[in-house]
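Peer 1: test case, fold it:
(chains A and B)
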Amino acid sequence: MGFFLETLFGGLMAGMLYSLIALGFVLIYKASGVFNFAQGAMVLFAALAMSRFAEWIPQWLGFESLLLANLLAFIAAMALMVVLAWAIERLCLSKLVNQEGITLLMATLGIAYFLDGFGQTLFGSDIYNINVGMPKDPAFILEGTFEGGVMISKEDLVAAAIAALLVVVLALFFQKTKTGRALRAVADDHQAAQSIGIPLNKIWVIVWSVAGFAALVAGIIWGSKLGVQFTLSLVALKALPVVILGGLTSVPGAIIGGLIIGVGEKLSEIYIGPMLGGGIEIWFAYVLALGFLLVRPQGLFGEKIIDRV
Amino acid sequence: MLYRENGQFKTSYAADQQIFPIFQERWAMALLLLVAFVVLPLVGSEYWFRAILIPFLILSLAALGLNILVGYCGQISLGTGAFMAVGAYAAYNFMVRIEDMPLIVAMLLGGLSATVIGVLFGIPSLRIKGLYLAVATLAAQFFTDWAFLRIGWFTNNSSSGSVSMARLDVFGVPIESPVSKYLFVLTVVCVFALMAKNLVRSAIGRQWMAIRDMDVAAAVIGIRPMYAKLSAFAVSSFIVGVAGVLWAFVHLGAWEPAAFSIDRSFQLLFMVIIGGLGSIAGAFLGAGFIVLLPLALDQIPHLLGIPLSTATITHLVHMIFGALIVFFLIVEPHGLAKLWSVGKQKLRLWPFPH
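Peer 2: Predicted coordinates:
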């Protein structure tokens, strides 16, 4: 039982981390109808920027405080993500208005490739680390109930808390601010939003910046966990089934989808994996999402898809 | 002046419907085939065959298969590598497990196995579309990656996980030297290109295009979406599977699942986009472009005397591919093939445009 709980908790934490990346997908899809394949590349790019700036800025300015370095690096990386959002909007999306979803998807694939190359040319392609002072040692809970207690990684716990915080902030941003209202209006209907005076271009820059912010947070957490390297951009591929499961248009869907996938992955690896030869984590999430799609094509919380001729 | 169709009257349906209706085009094609079949084997060096021509031809074939699915039927697939892998491993198993299995038969059986898997993963396309389908095909990709790595039976329990295929022969003729490999691949590619070209201009090809343009409307005018979509998946994965067999047997010789990873799927999708969605010639142009660009990037700085590290070149290639994809989607969504036909259109009027 203790072991089961441990796996369950591990799965939930991993699920929160997936949700963090899935959020980026959902944000952009909600506001512009673009399925952003470049989210993984953005996570890598942001993480690279963060880790390199944190190394370079103290050298340029000549101080040694880790906190200050991280803070400045965070600000610099965020500024870079905003510039990136602006560039993507200006050079790519504004020229592809009113194109089909598939075309936009392929365009973001192009952006992803470009970013992968660009980020590594700019910041180097070794393995870097991000040190934001995440606790590394595990904690034990429920030691009275089970023998040896249940082990939980503190790092994952902090990461999950940050993810939850981010979700709350984003939900407030979407529901309570004027910009958030404009974003939701654009998501609902581009033309109607334009006709009441919402500037589409500006909205897109904002939403890509917000997605860039989500990517930066995800990049920092994943980067401090796994190290900043190319494989980070592949983590996004693991977040894809999360979005599909939760529904492309739903922020809570991203969270719940993430939790389901995280738990499903870990439990299946432990309990079904040995029967099939192990390593089934790679495809389990996809097959789960695929089976789900057959029953409910729009995902758990997605809006119903209606086709018109 | 040279490229003019005045005076070429069609007097029969057959003449009207031939693949190259213009006299000059027929000659150009014949000349191209002559160069490919006779001149190149005589003058080409081993490096050309190994590094450029054979990969180019095989990837063209795979891109051709993918183009049927994406360009003609509008069903996006990110799992092409998976179908190549299914073809390759199935053919390998047929060769290893059945005595005296002829290469051609194993190749076709490999293609058929890929067809079965392709149709299986194509079934969700009846319920889900576009972006969601892309994820479904990714499921195929990750599942096959895992299956060929972990399930020993597929690799004949090879301890290293990599399998190899030596001593190929067709009708008793050994396929060992680069030239014979090249000619074998070229023949297969020509046959399949001709078949694909005829398929897409037949009734079924028109059904695919109707589904691509708008599937609900196509269903309304009496096209069965299930039949059209699944047949596109079947034909596409058959061709891709055969390309996988060639890639593994002829080009690589010894391979492991990483040869058919998701990078391969993306690479093929890029070929189709850059070459031209919905065009047979586009598959060849796109494949040529993507095979040659890294080689050119490798050579040009050397010639100019600027030393670039391999890592930089890889990143540069990534950046250029990415930028080109966005560029083509914005400026010319029909890719190089469209540029080619625009050029031909201009040439018809040259040198007196008006």
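
Peer 1: chain A contacts on the stretch 201-350 of chain B?
Peer 2: When proximity is defined as C-beta under 8 Å from any C-beta of the partner chain, the stretch 201-350 of chain B approaches chain A at B:214, B:216-217, B:220, B:262, B:266, B:269-270, B:273, B:311-312, B:314-326, B:329-330, B:333. Any C-beta I mention is one placed from the backbone N, CA and C, and that applies to glycine too.

Peer 1: of the residues you listed, buried ones?
Peer 2: B:262, B:266, B:269-270, B:273, B:312, B:314-326, B:329-330, B:333 (16 or more other C-beta atoms under 10 Å in any protein chain shown).

Peer 1: out of those residues, which sit inside strands?
Peer 2: The subset of those located in strands under the criterion DSSP state E is empty.

Peer 1: give me the residue ranges of the stretch 201-309 of chain A where confidence is low.
Peer 2: Where the stretch 201-309 of chain A drops to pLDDT under 70, the residues are A:277-278, A:305-309.

Peer 1: quick check, the residue in it closest to chain B?
Peer 2: Minimum separation of the stretch 201-309 of chain A from chain B (C-beta to the nearest C-beta) falls at residue A:286, amounting to 3.6 Å.

Peer 1: dump the residue contacts of that residue.
Peer 2: Shown in contact with residue A:286 (C-beta atoms under 8 Å, 6 or more residues apart in numbering or on different chains): A:240-241, B:135, B:138-139, B:142-143.

Peer 1: name the helix or strand for it, please.
Peer 2: In the assignment (DSSP states H and E), residue A:286 maps to helix A:281-295.

Peer 1: hey, C-alpha coordinates of that helix in PDB?
Peer 2: Only the C-alpha atoms of helix A:281-295 are listed here, as PDB (Å, rounded to 0.1, in the frame of the first residue of the first chain):
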ATOM      1  CA  GLU A 281       5.800   5.000 -20.400                       C
ATOM      2  CA  ILE A 282       6.800   6.400 -23.800                       C
ATOM      3  CA  TRP A 283       3.600   5.300 -25.500                       C
ATOM      4  CA  PHE A 284       1.200   4.700 -22.700                       C
ATOM      5  CA  ALA A 285       0.000   8.300 -22.600                       C
ATOM      6  CA  TYR A 286      -0.500   8.400 -26.300                       C
ATOM      7  CA  VAL A 287      -2.500   5.200 -26.400                       C
ATOM      8  CA  LEU A 288      -4.600   6.400 -23.500                       C
ATOM      9  CA  ALA A 289      -5.300   9.700 -25.200                       C
ATOM     10  CA  LEU A 290      -6.000   7.900 -28.500                       C
ATOM     11  CA  GLY A 291      -8.500   5.500 -26.800                       C
ATOM     12  CA  PHE A 292     -10.100   8.500 -25.200                       C
ATOM     13  CA  LEU A 293     -10.400  10.400 -28.500                       C
ATOM     14  CA  LEU A 294     -12.400   7.600 -30.100                       C
ATOM     15  CA  VAL A 295     -15.000   8.000 -27.400                       C
END
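
Peer 1: which of the residues in that helix are buried?
Peer 2: A:281-290, A:292-293.

Peer 1: try stretch A:262-271
Peer 2: So for stretch A:262-271, counting by 16+ other C-beta under 10 Å, buried means A:262-269.

Peer 1: can you list contacts of the top helix by length along chain B?
Peer 2: The longest helix of chain B (DSSP state H) is helix B:280-304. For helix B:280-304, contacts defined as C-beta under 8 Å, 6+ apart pick out B:51-52, B:55-56, B:59-61, B:63-64, B:66-67, B:71, B:193, B:196-197, B:200, B:267, B:270-276, B:307-308, B:313, B:316-317, B:320-321, B:334-337, B:340.

Peer 1: can you check the distance spanned by stretch A:31-49, start to finish?
Peer 2: 26 Å (C-alpha to C-alpha, to the nearest Å).

Peer 1: average pLDDT for it?
Peer 2: Averaging pLDDT along stretch A:31-49 gives 86.

Peer 1: stretch B:240-251 too?
Peer 2: What stretch B:240-251 shows for mean pLDDT is 94.

Peer 1: can I get the CA coordinates of it in PDB?
Peer 2: The C-alpha trace of stretch B:240-251 is given here as PDB (Å, rounded to 0.1, in the frame of the first residue of the first chain):
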ATOM      1  CA  VAL B 240       6.100   4.400 -47.100                       C
ATOM      2  CA  GLY B 241       6.600   0.800 -46.000                       C
ATOM      3  CA  VAL B 242       8.300  -0.200 -49.200                       C
ATOM      4  CA  ALA B 243      10.500   2.900 -48.800                       C
ATOM      5  CA  GLY B 244      11.300   1.700 -45.300                       C
ATOM      6  CA  VAL B 245      12.400  -1.700 -46.700                       C
ATOM      7  CA  LEU B 246      14.700   0.000 -49.200                       C
ATOM      8  CA  TRP B 247      16.100   2.400 -46.600                       C
ATOM      9  CA  ALA B 248      16.900  -0.400 -44.200                       C
ATOM     10  CA  PHE B 249      18.000  -3.100 -46.600                       C
ATOM     11  CA  VAL B 250      19.700  -1.200 -49.400                       C
ATOM     12  CA  HIS B 251      20.800   2.100 -47.900                       C
END
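
Peer 1: residue B:186 against residue B:57, yeah?
Peer 2: Yes: Residue B:186 lies in contact with residue B:57 (C-beta atoms under 8 Å); the separation is 6.0 Å.

Peer 1: more crowded one of the two?
Peer 2: residue B:57 (28 against 18; other C-beta atoms under 10 Å in any protein chain shown).

Peer 1: how far away is that one from residue B:34?
Peer 2: To residue B:34, residue B:57 is 16 Å away according to C-beta to C-beta, to the nearest Å.

Peer 1: name the nearest residue to residue 236, sequence neighbours excluded.
Peer 2: Because you didn't say which chain, this covers chain A. residue A:40 (2.5 Å; C-beta to C-beta, 6 or more residues apart in numbering or on different chains).

Peer 1: that's the other chain; I wanted chain B
Peer 2: residue B:69 (3.8 Å).

Peer 1: again with residue A:135
Peer 2: Of all residues beyond its chain neighbours, the one nearest residue A:135 is residue A:154 (4.1 Å), with distances taken as C-beta to C-beta, 6+ apart.

Peer 1: brilliant, that's me finished.
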